[in-house]
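Asker: Provide a 3D model corresponding to the input given below.
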Amino acid sequence: MELSPLPPPRLLRASRIDSGGRSEALRHLDHIGFNDLRTYFYMPFNRAATTMKVRLTVLKQCSHELGILWWPYQKLKSLNHMTAQLGVMINTAACVPEMANHPWKPNDQLVLEHKINELKRYRELIEENPSMELPDRTKKLRKTCNNRLRKTRNNRRRAAGSNHGC
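Answerer: Below is the predicted model of the structure:
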């Protein structure tokens, strides 16, 4: 019994493949460099790909080729949030008991302004090197800011619940 020959491979549409065998979307990203991608770091990965009009896998391949292993959106969002929280603390001059254990005093406006400038510097460094790890002090500050925000939110909910539960 003779085996039938294998069927020929499925042909891809010519409009999607150029003469070098690369897809148009990947060829489209050949001209994009690291500085071009930096403008999209403040967007979630899906939105950045949609804005650039490429597929997720193409953007992922391009970013990996440029040395961006993790999309820095969450880090930058976290730094922006911490900067805003510290700005609120400066404006309201609020004393937060959880921050009393930190080496810097939260009531000192100059120290808070210095910390805001430090967070802005970290943000610029992450834009330059997205794989940079945040220092432990900054991670502790992020945790403290998130705890403060959560407690404030819970206190508001309790106050609203006690007013409605008469």
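Asker: and the pLDDT at the nearest residue to residue 75 once chain neighbours are set aside?
Answerer: Setting aside the residues directly before and after it, residue 75 is nearest to residue 126 in space (C-beta to C-beta, 6 or more residues apart in numbering), at 5.5 Å. To be clear about C-beta, it is placed using only N, CA and C from the backbone, and glycine gets the same treatment. Predicted confidence (pLDDT) for residue 126: 91.
Asker: which of the residues in the helix or strand containing residue 126 are buried?
Answerer: Following DSSP states H and E, the helix or strand that holds residue 126 is helix 109-128. By 16 or more other C-beta atoms under 10 Å, the buried positions in helix 109-128 come out as 112, 115, 116, 118, 119, 122, 123, 126, 127.
Asker: quick one: mean pLDDT over the host helix or strand of residue 75.
Answerer: Residue 75 belongs to helix 73-92 when assigned by DSSP H and E. Averaged over helix 73-92, pLDDT sits at 87.
Asker: re the thing from before, min pLDDT across the buried residues of helix 109-128, which one?
Answerer: residue 112 (83).
Asker: let's verify residue 133: helix, strand, or coil?
Answerer: Here residue 133 takes the coil state, with states given by DSSP: H, G, I helix; E, B strand; the rest coil.
Asker: could you list the domains of this protein?
Answerer: As given by automatic domain parsing, the domain ranges for the chain are 24-65, 73-164.
Asker: so what's residue 59 closest to, chain neighbours aside?
Answerer: residue 49 (4.4 Å).
Asker: contacting residues for that neighbour?
Answerer: Applying C-beta atoms under 8 Å, 6 or more residues apart in numbering to residue 49 gives the contacts 55, 56, 58, 59.
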